[in-house]
Every structure is written in C-alpha cells, then in structure tokens.
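Undergrad: give me the fold of what follows.
(chains A and B)
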Amino acid sequence: MARYNAKESETHWQQEWDRRALFVTPDDPSGDKPKCYVLEMFPYPSGRIHMGHARNYTMGDCVARFRRAQGYNVLHPMGWDAFGLPAENAARDKGVNPRDWTYENIAAMKAELKLLGLSIDWTREFATCDPAYYHQQQKLFLDFYRAGFVYRGEADVNWDPVDMTVLANEQVIDGKGWRSGAVVERKKLSQWFFKITDFAQELLEGLDTLDRWPEKVRVMQRNWIGRSEGLRLRFELSNNTGLEIFTTRPDTLFGASFVALSPEHPLTQEMARTNPKLQAFILECRKTGTAEAEIEKAEKLGFDTGLTAGHPFDANWRLPVMVANFVLMGYGTGAIFGCPAHDQRDLDFARKYGLSVTPVVVPDGQDAAAFVVGAEAYTGPGHLANSRFLDGMSVEDAKAEVAKRLEAAGAGARTVNYRLRDWLVSRQRPWGCPIPFVHCAKCGVVPEKNLPVLLPEKIDFSVKGNPLAADKAWNTTTCPDCGGPATRDTDTLDTFVDSSWYFARFADPKAQAPVNAKAANYWLPVDQYIGGIEHAILHLLYARFFTRAMNKLDMVDVKEPFAGLFTQGMVCHETYKDADGNWVSPDEIVKEGNKAFLKDGHAPVEVGASEKMSKSRRNVIAPETIIADYGADTIRWFMLSDTPPERDIEWTDAGAEGCWRFVQRVWRLAGEAEGLPPPGTDMKNGTRSMRAAAHKAIASVTDHLEHLRFNSAVAQLYTLSNAIADAKDADGAARREALEALVLLSAPMMPHLAEECWKALGHTKLVAETPWPKHDPSLLETDSHTMAVQVNGKLRATISVPRDAANPAIEAMALGEEAVQRALDGKTPKKVIIVPGRIVNIVV
RNA sequence: GCGGGCGUGGUGGAACUGGUAGACGCGCCAGACUCAAAAUCUGGUACCGCAAGGUGUGUCGGUUCGAUUCCGACCGCCCGCACCA
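TA: All right, here's what the predicted structure looks like:
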C-alpha cells in the first residue's frame, strides 16, 4: 500500500466537503436537533496565520466536527476583526490603501485557514470593516444612545501634540508618544462613552452564572469591576466649603489625623491657581511614573494646604487638609481621610509628616492601653478603642453605627463604589467605524439619520493628526435636524466595539438590523468560545456588556453571550542565540543532541528557554511550512496531543515527526483492512478483547472530547491503534470494527486522513456525514478483573477475580497468594477491606 | 502587598467521586529487516538492588485500612492586579 499522500488527499477532501456544502449551516434550522454554537475568537488580518491561530482553530474545529457528528446542528463561523492600527501603519509606510491592504490580508489568511481543513460555514464570513457590518454597528450605537447607554463627556486624555492624536495609556512610554517621541500632554476632550458602570453590578453578579468559564477569568473580571462597600461622607472645611470623601473603614473615623486630596482634585486645582508652591507640588507628583516598580517604591509626598477640616462627630476637632500624591482621582471621590494606625499608606505618610497615630481598633484579647502601632498598620479584626461612643464595638458594628449616625445627620451615605470606569470609545483614527454624529452650531451634537456614514474612499495619511479631521470634503455635511451646515464627528469607535457583538451577527450576517432576533435567539449563547487569555478582561467584559445592553433593548433574549469559555495556552519554541547574542531562527541551525550549531559554518549556538513564538525572538515556525511538509492533519494532531489545551505547548520537530508517523501508521492499519468482513457479519466469534478495546476507546474519547481534554483523547487513540496492531490474530470483523472506530474517533482531529481511510474501508458516504459511534456498555464488562492485594496498604500481589466472586472467596484468593503470605509473616489479619473490582487490603 | 494557579521519570504529561502512580507521546537503549541508510517492526526504559526486596508524586506533619488526590504549615515556580482608601 502506498504511503499516505497528505497533500493530495487534503486538497481532494477539502474540495469534496465544499462541493457537498457540508458545513453550510441553514439559515432556518428546522428539525429537532439540538443546536451548538462553536466559536473561536476571530483573527486580526495581519496577513499570515501563525501557530497560535492554528492551535485555536484546530481546537474549535475539533469541537465543531465532534458535535456535528453527535447530531447537533452546529454553527461554526469565521470573520475578521479588520479595523485597527496596523493597516494605518502599512498605509502610511507603504503608501497603500488600508482597505486594500486589509482585504488582501484577509484573502491570504483565508486561503491558509482553508488549508487547515476547518469545518467552517464560509457563507457567513464578514469583516468588521465591511460597510455592511459597520453600518449595522452605527445603528446599534445610535440605539444604545437613545437608550441612554451612550453619552458624551469630558475626558482627560493623553494627547500627542506632534501626531495630534489621543494615545492609549499603553502608547505612552516614559511620558512620551510611542511614535512621535513628543512629551505627552494631558488634555480635556469631549469624547463618547459607553455607560458600562450602570451595568457594573449585573456584570459582577452574572459572573456567578458562568460555570463553564475558567475560574481565573471570572476572578480577573471580578477584580476589574472592583466592587467595594463603604460610606461617602462630608467634611466641613475652614473655607466654608464641604469635601466629600469615600471610605470603606468608617469605623476608624476617630483615628483620623488628616484629610488628603488628590493632586488632580478640583479643589486642589482651584487652590493651585493662586498658589505657585502647590502648582510646583502637583508637577512634582506627576513626575512619578505609573510603572509597577516605581509605585512600589514611590515615596509618599504631601503638601499642607493650610485648610482644616472639622471632624464629622466633633466640629472643634480640626484635621489638616493635605494634598497627597498617593490619592487617586479616579477612585471614589479623589479625597480621603487618613487613619494612620490602620492603613499602611496613611501610616507611612503620617510618620513622614509628623502626624498623630492613634490606634482605634485593638485585636481581641489585647489591652487598648498597651496596644501600639509601630511601623506596620493594623488592618485585622478587633474591638474599638479611643473612639468615644464606638468603644468596645466590633469593627462591623462600628461601621454600621457610624453609617447610621452620619446618615441621620445628613453628613454621609452608604454607597457601593466600583473600580470599573465608563468605556471611552472615541478614537482619533481614520481606519475604524465612523461615529455617526453630526456637530451643528445650532442644534449641537445630533445623531446622523442617513446611515451608513461611510469612510472616504481615499485616506490621506500625509496630514498631521486624524486624516478624517483634515478631510473637509468628507466631514462637511448638513445637520439632520435643521438642514444647516454642520460637520461630522471625525472620531471612530474603539475596535473593541467591533468585537463586542460580532458573535450575534453571525446568527444572520445579512440581516437588515444589527441582529436578527429570531436567529440570534436560536443560536445564542455561544456554547463554546475559545481564545487567548489575553482577552480575559477587556474583550470578554465588553461583549458581556453589549449583550446585556442588547438584551435590555429586546434585541436578544440572552444576558450572557458565552456559556462556555475556554482559554488556550500559547505556542512556544526553543530560542537560539549566536556568539554575538543575536537571535537565530530555528531554520538556520542544526541540532546535535542537546547542542545546536549554525547550518552555515557550524558555529555553536546557545540554546535558550522555550518562549512564546515571536518575531523579535525569531523563534517562529510558520504553519504553512508544516502543512507543506507534512500536511494539515499532522499539525492538527500535534496541536491536540500531549499538552493540555489550557497550557503552553512547545513546538518541536521531533514531536511533529512523531505525529506524521502516526498519520502513516493509521493509514497502514486501514490498508490492512482490505478483505476484512464488514462489522456484524461474524461478530460472535470476534476476539472479545479487540471489541472491548474499541468500545472502551469510543466511550473514553467521547468523554474526553466533551470536556475538551484533547490530549487525553489523543492518548486513547494511540492506545486503540496499538491494540489493533497487536491483535493481528483477532477475528476479522472485530478488527474492522475497531479500525472503523479508530477512523471515526480521530476524524475531529485529523479529518482528511479519516476520510481517506474511511474510503479505503469501502465506505461511500463521507466521515463528515457519518454519525459519531456509540459504545456498547456490555462489551466493557469483563468476566473477571484484576484486583490489587495490599497488606497494610502496600501492594503485594494482583489476583484475577471472577466478576461475580463473593467477598469470602476473594479474601481466600488473596490470602492464598504466596507474596501475601510472605508479607503477613505468620501474623493473623485483623481486618480485610474489599473494594469490589478494585482492591483488597489486609490489615495486620 | 492582594488574588488565582501549579510542583509527578531524561522530557510533554496520565491517574474517574482517596483504591495497582508513571497511561499515551517524545527521547534514549538493544535487536530484526537492509550492502548501507531512511522507513518500518520487536523488546526495554522511575530510582537503588544480582535477587528477594526497598524507596518514590516539592518539604514537613495530620486524617485514613489505604493519600498524587483531603486538611495544616513551609519552600519553589507561573499568571493577573496593584498607592483602589
């Protein structure tokens, strides 16, 4: 039998699947099949498929094919997250049109994805830069606006004065723009926001319903939302104004020794106008970077404003009002009261500026008079002291008491505070979804009625700042309300908006509304979503927010978009460096044992740790080269083998060759099936163990795939293939049955090979049209089983026990073992524990 | 600092609700076939020991007839967040 020709077979079967339109999901699904929506995070069209994509889409395809075979009505679509900066960079650097660049990349990547043999319904494909998609997104944005989920507000932004654009925090490096190198300014701009904070509580509570999400992701989202319960309270200041602060520790109010404002607090800013020293102090505070290490070491800085604040329970008790660098404007009210004894930051600050430190919470069992706070603040539980009417209370009771009294006095209110902030979506970028608003001198900011607002055909990247702002022909328009002259909003939406609802669009990508409710309600939620952990917070939180917002507008029934989430690990590879410390690519080296040498000249190369494949480390292997050398099934099999899918996988040549060997091995086994009788002909004489092996594999591969344990499913298939190879003398029909099981079970992982083998086994229908095999439980029951015999918990022997043997008989068999008698050493058993079918433990 | 996760052979990793630790793959060793190589096949491969046997799942302790699994303390590694009041 000829060697398996992966290239020929894969092309052939891909065409065959296409020809029969096997993976096209009908728009109007009828019948009583259960639905299953399998989705992988759609890619950015960078131009090339990388190993991370290959792993992601292989996993998704394995699930999709498995579910389809099981009889589910499967939706498995693909699209392109196609707006974004790389296209602009390419346009600027190479003078191409970002649209052309993007669509060319999409075509190239689609061709590569097709080589992987994915069971995707390509009729539903779209790119977020398609006018048809962003048209609907503009509608959705206006729907959200009308519902009050969108607002326009002032935002402090990072402004690059050279590039004339807003920068994301990540794009500010050492206070300078990443591209221009110009010192970034803080600027207040009118920007569009999503009111995601209105959904903070339900987004938090919703996490508890997501039982098929990784705990890790739920924890990250929980922390990001950052709910804390506390008290908002008012201090009366010596300048006759009031100051609101937020605290989670109102119980420590009598330990207060100062009040502190953020440098960005409006009151600070106001005072700075007439106080040059304060101005200088604010500048000093800004110098401190936001890098982790800096914050860790950053010294507490304070500035005494000269104002004093009256204690809420004793107006004569005056506290100094400071400006402190560690108080964040973005959290709570941007002002705090400092209680040094029970907060480390306040303590550091108080020690530096000579403020008093009064312990007011004393650990239970300790004497208040003797309790001293030294260099470490006490944040544990205890009872109140030095706190007038709170003395003796527990922390919890004291919190409640203070809240009660201040609320009664109108000086405070219990509140829930969130770390989550509203989502700023305006971007001064030309390659994105235009924000469908018009600015009219007379009517103000008015929603566009005439949608879509299309991007201009040509974008001029030679201008400073946003080309859309410079393009007068494009941004000059008339007001939808009064018909007078007006200009378009020249900002585009954050690309995270594009990916916040695409999963709903796949239900009916041609709908004339953003989502077709009927189709979306049938398909949503996504049953299995698969992607990288890097999207644990932003993308997944935004998509959850969008789904809840759409739910409130009756666009979809579901509140959560993704019922099952799986975050796959990265693909890594060894790294190499030459004598000069330059990275060396894997295809420039030869390995000899553990050592590596340059192919060219044989100079030794240092072998470094396995790290995520990246261009900068030059340790990238392109999937297309592997497909060209071995075929798609080999790369697919590799991606699913050995390493659990959530962990990082290391790509190795040896591993790839091993996978290739297995492909050939399965093909050889299938070839040996020629002439074997079809299943069911003379099964009764079939080798029992062969049949048992096949049915055990069916049961366990099915179970492993249900739980996405691809690596364990793969191991079971190796076991089955070993069993088939070893059972040459088994009954022919049993061998055939086992082979057919092997082919059907491996089809989700290696679909092309499976089709080729299936055909070789004489079938005319495709594997892709064949139902998933079912195991016969009676075949898994054996007449006898092996039981371990322990003496005092130590294994001494194994015995073969008839299935229906009674305990006394088992005990007798166990005691009859020579090794057991030796271990007993003449002693009498005190107790014999028998776990049926598993173990006998003799205790002496 | 806070939160989450993980420590098993040379290596990636198995082990269901506590019940024969190391499945399966990679690598390695030996052998068969071959003029030779590749490919393929067969056998072996936790550690110590000739063997009987002993020791082994990061360390120490606990619960149990029995612990990789449960509990406690510690050590180490990874990830996320971070001056969040």
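
Undergrad: could I get the full set of helices for the stretch 351-500 of chain A?
TA: Along the stretch 351-500 of chain A, counting by DSSP state H, counting those that start in this stretch, helices occupy A:395-408, A:467-470, A:472-475, A:495-498.

Undergrad: give me every residue in the stretch 601-750 of chain A lying close to RNA strand B.
TA: Within the stretch 601-750 of chain A, the positions near RNA strand B by C-beta under 7 Å from any atom of the strand are A:641-644, A:647-650, A:652, A:654-655, A:657-658, A:661-662, A:664-665, A:709, A:711-712, A:714-715, A:718-719, A:722, A:725-726. Glycine gets a C-beta too; all of them are placed from N, C-alpha and C.

Undergrad: repeat that for the stretch 401-550 of chain A.
TA: A:417, A:419, A:533, A:537.

Undergrad: hmm, 6 Å instead?
TA: The stretch 401-550 of chain A comes close to RNA strand B at residues A:Arg419, as judged by C-beta under 6 Å from any atom of the strand.

Undergrad: closest point of the stretch 401-550 of chain A to RNA strand B, which residue?
TA: Closest contact between the stretch 401-550 of chain A and RNA strand B, by C-beta to the nearest atom of the strand, is at A:Arg419 (3.8 Å).

Undergrad: my guess is that residue contacts A:Phe246, does it?
TA: No: contact between A:Arg419 and A:Phe246 fails when scored by C-beta atoms under 8 Å: they sit 11.9 Å apart.

Undergrad: element containing A:Asp32, please.
TA: Assigned by DSSP states H and E, A:Asp32 belongs to no helix or strand.

Undergrad: how many neighbouring residues does it have?
TA: Here the number of neighbours of A:Asp32 (other C-beta atoms under 10 Å) works out to 6.

Undergrad: could you do A:Lys277 as well?
TA: Using other C-beta under 10 Å: A:Lys277 sits among 9 other residues.

Undergrad: ok, back up a step: of A:Arg419 and A:Phe246, who's got more company?
TA: Set A:Arg419 next to A:Phe246 and count neighbours by other C-beta under 10 Å: A:Phe246 wins out with 18 against 15.

Undergrad: what is the burial count for the closest residue in space to A:Phe194 that isn't next to it in sequence?
TA: Among residues not flanking A:Phe194 along the chain, A:Trp423 sits closest, at 4.2 Å (C-beta to C-beta, 6 or more residues apart in numbering). Using other C-beta under 10 Å, A:Trp423 has 20 other residues around it.

Undergrad: ok, now which ones touch A:Trp423?
TA: A:193-194, A:196, A:494, A:542, A:545 (C-beta atoms under 8 Å, 6 or more residues apart in numbering).

Undergrad: quick check, pLDDT for it.
TA: A:Trp423 carries a pLDDT value of 89.

Undergrad: so how far is A:Ile49 from it?
TA: 31 Å (C-beta to C-beta, to the nearest Å).

Undergrad: coming back round to it: which neighbours do A:Arg419 and A:Phe246 have in common?
TA: The contact lists of A:Arg419 and A:Phe246 share A:Tyr331, where a contact means C-beta under 8 Å, 6+ apart.

Undergrad: and the residue nearest to A:Val801 when sequence neighbours are not counted, what are its phi and psi?
TA: Closest residue in space to A:Val801, ignoring its immediate chain neighbours: A:Met787 at 5.1 Å, by C-beta to C-beta, 6+ apart. The phi/psi pair for A:Met787 (degrees, to the nearest 10) reads phi -120, psi 140.
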